[in-house]
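Asker: Predicted coordinates and the sequence they were generated for:
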Amino acid sequence: MKKTILISGGLGVLGQGFAKVLIRDGFDVLLLDVKEPEQGREFSGEFFKADITSEADIARLKACLAARGTQVYGLINNASCQPPGFIQEIEDYSPDTFRKVLDVNLVGSFLLAKTVLPFMKEHHAGVIVNIGSIQGVVAPTFEIYEGTKITSPLVYAVAKAGLIHFCKWVAKKYGKWNIRCNAVSPGGLGDSQRGGSAFADIYSSRVPLGRMVMSEEVADVIAFMFSDKARYITGQNILVDGGWTIY
Ligand SMILES: NC(=O)c1ccc[n+]([C@@H]2O[C@H](COP(=O)([O-])OP(=O)(O)OC[C@H]3O[C@@H](n4cnc5c(N)ncnc54)[C@H](O)[C@@H]3O)[C@@H](O)[C@H]2O)c1
């Protein structure tokens, strides 16, 4: 029976990188995304339109999985959002923006885990990977954002820290059903900076490996986490950060 892996935010930059390697490795990949695929633009995986914070959409998803005739084997909690006001200073931060980011990262991931865990228990096998971030591990280096429109808000940091701890809890509770749960936490992604930029230079100067990470490099770690080679790894946070968090 073919093994299905769900990717929330599957149409995004990292989501697509993950889909490519997992399809290559023989998995059936279902992309959950609130946005529609861009017209005329090719993508890897099967699209299932869903807002992961909507209980109605999650109920539709559950019915789809039950009827699919595949083994529900994996979940990547990858969706995140940057609603209006995402980069405001905390003094001006809107509680609605704060709640929205927590809702997508944490409530959405909880709803998806709640959906897949019964299927995984049935097959006595499952792999869940939450996409964290260096921002969920260490405090931001605020200086690198000076003079740019980029920053790392408090809500993002606490959402990612929550997703990292989520894995320890699930790993402990569901290990007896051979269900593994880990986080993969990338550093700043360099895909949109391929031509180079002032920000990429400043960011890279703080990284021991001297550059940003590319989506293919995160995807290689994801492929490993879903492979049998990672069968004894659970409850961990794997940092793919070029050494950002070591000092
Ligand atoms: N880009 C980076 O530098 C970086 C670094 C570390 C970690 N991350 C994390 O990696 C993950 C993917 O990042 P990315 O750069 O590919 O982002 P992206 O914006 O390209 O993709 C995110 C996807 O999530 C989808 N999404 C948002 N809200 C949703 C909802 N309610 N329901 C379903 N889908 C929803 C979006 O439509 C989008 O396709 C995120 O969790 C992000 O926080 C990114």
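Answerer: Okay, I see it.
Asker: how many other residues sit next to whichever residue of the chain sits closest to the ligand?
Answerer: Using C-beta to the nearest ligand atom, the closest approach of the chain to the ligand is made by G12 at 2.0 Å. Just so you know, the C-beta spots here come from the backbone N, C-alpha and C atoms, and that holds for glycine as well. Using other C-beta atoms under 10 Å, G12 has 19 neighbouring residues.
Asker: Quick one: residues contacting the closest residue to it other than its chain neighbours.
Answerer: Among residues not flanking G12 along the chain, N78 sits closest, at 7.0 Å (C-beta to C-beta, 6 or more residues apart in numbering). Under the criterion of C-beta atoms under 8 Å, 6 or more residues apart in numbering, the neighbours of N78 are I7, S8, G9, G10, G12, L14, G15, F18, I131.
Asker: I164 now?
Answerer: Taking C-beta under 8 Å, 6+ apart as the test, what I164 contacts is N130, G132, G136, V137, A183, S185, N237.
Asker: Just the ones in strands from the contacts of N78, please.
Answerer: I7, S8, I131 (DSSP state E).
Asker: tell me, which of these make contact with the ligand?
Answerer: S8, I131 (C-beta under 6 Å from any ligand atom).
Asker: Including neighbour count, could the ones in strands among the contacts of N78 go into JSON lines?
Answerer: Shown next, in JSON lines, are those (neighbours: other C-beta atoms under 10 Å):
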{"residue": "I7", "neighbour count": "28"}
{"residue": "S8", "neighbour count": "27"}
{"residue": "I131", "neighbour count": "27"}
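Asker: where does the protein come near the ligand, residue by residue?
Answerer: 8-9, 11-15, 32-35, 50-53, 78-81, 104, 108, 131, 133, 186, 188-189.
Asker: pretty sure S80 is in contact with L14, am I right?
Answerer: No: if you go by C-beta atoms under 8 Å, S80 and L14 don't touch, sitting 9.5 Å apart.
Asker: Show me which positions of the helix or strand bottoming out on mean pLDDT in the chain end up buried.
Answerer: Every helix and strand in the chain was compared by mean pLDDT, DSSP states H and E; the lowest is helix 198-205, with a mean of 96. Neighbour counts over helix 198-205 (16 or more other C-beta atoms under 10 Å) mark F199, A200, I202, Y203, S204 as buried.
Asker: then it to PDB, C-alphas only?
Answerer: This file holds the C-alpha atoms of helix 198-205, laid out as PDB (Å, rounded to 0.1, in the frame of the first residue of the first chain):
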ATOM      1  CA  ALA A 198      22.700  43.400   1.300                       C
ATOM      2  CA  PHE A 199      20.600  41.400   3.800                       C
ATOM      3  CA  ALA A 200      22.000  38.100   2.700                       C
ATOM      4  CA  ASP A 201      25.500  39.400   3.200                       C
ATOM      5  CA  ILE A 202      24.800  40.700   6.700                       C
ATOM      6  CA  TYR A 203      23.000  37.500   7.700                       C
ATOM      7  CA  SER A 204      25.700  35.300   6.200                       C
ATOM      8  CA  SER A 205      28.500  37.100   8.100                       C
END
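Asker: list the buried ones in the very next helix or strand once past that helix?
Answerer: In the C-terminal direction, the helix or strand that comes right after helix 198-205 (DSSP states H and E) is helix 215-225. Along helix 215-225, these residues count as buried under the neighbour rule (16+ other C-beta under 10 Å): S215, E217, V218, A219, V221, I222, A223, F224, M225.
Asker: now stretch 133-149
Answerer: So for stretch 133-149, counting by 16+ other C-beta under 10 Å, buried means S133, I134, Q135, G136, V137, I144, Y145.
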